[in-house]
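J.: Pasting the sequence and the predicted coordinates here, then a few questions.
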Amino acid sequence: MQGQRDFAEFYSAAFGPLTSQLHAFVGSHAEAQDLVQEAFCRAFGKWSTVSRYEDPHSWVRRVAWNLAVSRWRRTRLVRLWQRDLAPADVPEPTGSDIDLARALAELPQDQRQAIVLHYFADMAVADVAAFMEAPEGTVKAWLHRGRSTLAAALGADGADARAASQARTRPPGVAAVRTTVTRRYATRAAALLLGALALALGALVPVSTGSAPTNPSPSPHPSPSASASAEPSTAPPATSPSPTPRPSTPVCPYDAKAALLLLVSPASDTFAKSSQLQKACPAMKIKITRAVYVGANATVAKLTRHATVSATVTSTSGVHVGAPGRPAGDCYARLEVTVAGSGSLPSSMPNPIPELVSSGSQFRFEEYLAARGLRPLETSWVDPVC
């Protein structure tokens with residue numbers, strides 16, 4: 001309950017200011033609330049990790065801004081400020097709001113983002129430069145050009161508009177965040193369950209081996225040799241020793257890829273075969289690998305493997321796979337991944353963190369691992385804290 005209470009306090013304090021920033025950037029208050037809510041949903045899903053960061057607000061802000069920038073790049077010059085999707089109880093935008101949104105929309109993306117971060121988020125120029133990964137001189141130039149354009153268009157600063165935007169913000173609430181994240185987990189669990197059921201049903205379908213029948217029916221027209229052999233013989237019957245029966249070995253109905261879907265995690269960092277998998281494939285062994293990859297920053301092209309820990313699952317008894325070592329300090333990007341499968345993790349890999357942060361999708365990363373015979377079980381990442 002303490003973790004939920006901490007998240008609720010963090011959510012209530014940060015939702016309004018962050019929505020105000022993104023409102024100025026995307027031009028739609030409702031769209032900004034959607035983006036911020038999505039960022040908080042992602043934070044809630046890994047709150048046990050995010051809450052231990054030195055500045056959780058920076059993590060949520062980074063996710064929200066990446067979502068906003070990605071959406072802006074996809075829609076390009078779509079004027080979202082013309083759509084009023086706010087609930088009925090939210091006050092209508094004022095004329096200054098619309099003028100500011102229109103003026104900001106005319107700025108290039110870099111100038112617009114720098115203006116919003118500096119004046120709406122109250123970030124210092126150095127912090128804006130670090131956030132946008134640009135030199136301070138470049139950021140100062142963006143701010144100067146942006147101010148000149150806004151001054152000509154508005155004749156005043158946007159402080160009043162910022163205050164009005166924050167006053168109109170109505171956070172959906174922690175309950176909405178919890179419901180969204182719970183629904184996503186339930187959807188993933190249902191997909192895994194359906195996959196396991198499909199595999200189990202497939203195992204029940206008999207497969208013809210093409211062998212000849214053991215008791216062929218007699219031919220309606222016996223051959224002469226057959227008729228002759230049917231007559232009584234004076235020779236004593238030959239006795240052949242009966243074959244010694246061999247114990248039948250059960251054939252595992254799951255291939256390696258399908259078996260990975262039937263792994264369970266009875267405790268944190270612990271993995272085991274499900275009772276269904278153990279019963280069908282008692283001899284199967286599954287390798288679990290945890291690895292830490294690091295890079296100089298979150299946007300470096302490749303990450304290098306720092307440490308690896310492995311264990312083998314052989315039964316329904318849980319096997320603990322401890323966390324691998326991490327380099328000292330926090331001034332680096334870190335990706336931690338737990339995989340199952342017989343394949344091996346590379347010494348370096350293309351950096352998936354930008355896509356994981358911006359879209360939240362692990363599809364390409366999962367494809368990359370699948371090509372190496374691996375299935376990701378857990379994935380987490382941390383931005384540099386310098």
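T.: Thanks, I have it. None of these values were measured; they are calculated from a predicted model. Numbering: from 1, shown residues only.

J.: just the helices in the stretch 1-150 of the chain please.
T.: Counting by DSSP state H, counting those that start in this stretch, one finds helices in the stretch 1-150 of the chain at the ranges 2-26, 29-45, 47-50, 56-75, 95-105, 109-115, 125-132, 136-154.

J.: Throw the ones you listed into CSV and include mean pLDDT and mean neighbour count, thanks.
T.: C-beta here means a position set from N, CA and C on the backbone, and glycine is covered the same way. Shown next, in CSV, are the helices of the stretch 1-150 of the chain (pLDDT from 0 to 100; neighbours: other CB atoms under 10 Å):
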stretch, mean pLDDT, mean neighbour count
helix 2-26, 79, 19
helix 29-45, 86, 22
helix 47-50, 85, 16
helix 56-75, 79, 18
helix 95-105, 66, 19
helix 109-115, 83, 22
helix 125-132, 86, 16
helix 136-154, 81, 16
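
J.: Now distance to Ala333 too, for these, in a markdown table please.
T.: Conversion of the helices of the stretch 1-150 of the chain to a markdown table gives the following (distance: least, CB to CB, whole Å):
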| stretch | distance to Ala333 |
| --- | --- |
| helix 2-26 | 23 |
| helix 29-45 | 17 |
| helix 47-50 | 15 |
| helix 56-75 | 12 |
| helix 95-105 | 31 |
| helix 109-115 | 21 |
| helix 125-132 | 14 |
| helix 136-154 | 22 |
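
J.: Which of those sits closest to Ala280?
T.: The closest of those to Ala280 is helix 29-45. By CB to CB, the value is 32.4 Å.

J.: picking that back up, quick one, which of the helices of the stretch 1-150 of the chain gets closest to Ser310.
T.: Nearest to Ser310, of all the helices of the stretch 1-150 of the chain, is helix 47-50, at 22.5 Å by CB to CB.

J.: Please name the residues that touch Ser310.
T.: Ser310 sits next to 287-290, 321 when contact means CB atoms under 8 Å, 6 or more residues apart in numbering.

J.: Please apply the same query to Ala259.
T.: Per CB under 8 Å, 6+ apart, neighbours of Ala259: 252, 277, 281, 284, 286.

J.: re the thing from before, out of the helices of the stretch 1-150 of the chain, which comes closest to Ser317?
T.: Closest approach to Ser317 among the helices of the stretch 1-150 of the chain (CB to CB): helix 47-50, 25.7 Å.

J.: Extract the CA atoms of that closest one and return them as PDB.
T.: Output in PDB follows, covering the C-alpha atoms of helix 47-50 (Å, rounded to 0.1, in the frame of the first residue of the first chain):
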ATOM      1  CA  TRP A  47       6.800   1.700 -10.300                       C
ATOM      2  CA  SER A  48       8.900  -0.600  -8.100                       C
ATOM      3  CA  THR A  49      11.800   0.400 -10.300                       C
ATOM      4  CA  VAL A  50      10.900   3.900 -11.300                       C
END
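
J.: Give me the buried subset of the contacts of Ser310.
T.: 288-290, 321 (16 or more other CB atoms under 10 Å).

J.: Looking at those, which one is closest to Ala43?
T.: Arg290 (23.2 Å).

J.: Direction included, what does the host helix or strand of that closest one pair against?
T.: Assigned by DSSP states H and E, Arg290 belongs to strand 286-295. When pairs are called by DSSP bridges, strand 286-295 turns out to pair with strand 302-313 (antiparallel), strand 333-340 (antiparallel).

J.: Reformat those as TSV; add mean pLDDT.
T.: Output for the strands paired with strand 286-295, formatted as TSV (pLDDT from 0 to 100):
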stretch	mean pLDDT
strand 302-313	92
strand 333-340	89
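
J.: So, low pLDDT: which residues of the stretch 251-386 of the chain?
T.: 359-361, 385-386 (pLDDT under 70).

J.: change it to 80
T.: Applying pLDDT under 80 to the stretch 251-386 of the chain flags residues 254-262, 265-268, 298, 329-330, 356-363, 382-386.

J.: Break down it into its helices, ranges please.
T.: 256-260, 275-280, 353-359, 363-370.

J.: So which of those is nearest Gly27?
T.: Of the helices of the stretch 251-386 of the chain, nearest to Gly27 by CB to CB is helix 353-359, at 19.9 Å.

J.: can you dump the C-alpha coordinates of the closest one into CSV?
T.: Output in CSV follows, covering the C-alpha atoms of helix 353-359 (Å, rounded to 0.1, in the frame of the first residue of the first chain):
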residue,chain,number,x,y,z
ILE,A,353,16.2,1.7,-25.6
PRO,A,354,15.1,4.6,-27.9
GLU,A,355,12.3,2.5,-29.4
LEU,A,356,11.3,1.0,-26.0
VAL,A,357,11.0,4.5,-24.6
SER,A,358,9.3,6.2,-27.5
SER,A,359,6.8,3.6,-28.5
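
J.: re the thing from before, quick check: which of the helices of the stretch 1-150 of the chain is nearest to Thr338?
T.: Comparing those by CB to CB, helix 47-50 comes nearest, at 13.7 Å.

J.: contact partners of that closest one?
T.: Under CB under 8 Å, 6+ apart, the answer for helix 47-50 is 3, 7, 43, 56, 59-60, 380, 382.

J.: and stretch 101-115, how far apart are its ends?
T.: Distance between the two ends of stretch 101-115: 12 Å, counting by CA to CA, to the nearest Å.

J.: Next: stretch 23-34.
T.: Its start and end residues considered, stretch 23-34 measures 10 Å (CA to CA).

J.: and what of stretch 316-334?
T.: Per CA to CA, the first residue of stretch 316-334 is 32 Å away from its last.

J.: before we move on, back to that, just name the closest of the buried ones among the contacts of Ser310 to Glu366, please.
T.: Nearest member of the buried ones among the contacts of Ser310 to Glu366, counting by CB to CB, is Thr289, at 15.2 Å.

J.: Residues in a beta bridge with the closest one, which ones?
T.: With DSSP bridges applied, Thr289 shows beta-bridge pairing to Ser310, Val339.

J.: dump the residue contacts of it.
T.: Thr289 makes contacts with 308-310, 321, 338-340, 344-345, 374, as judged by CB under 8 Å, 6+ apart.
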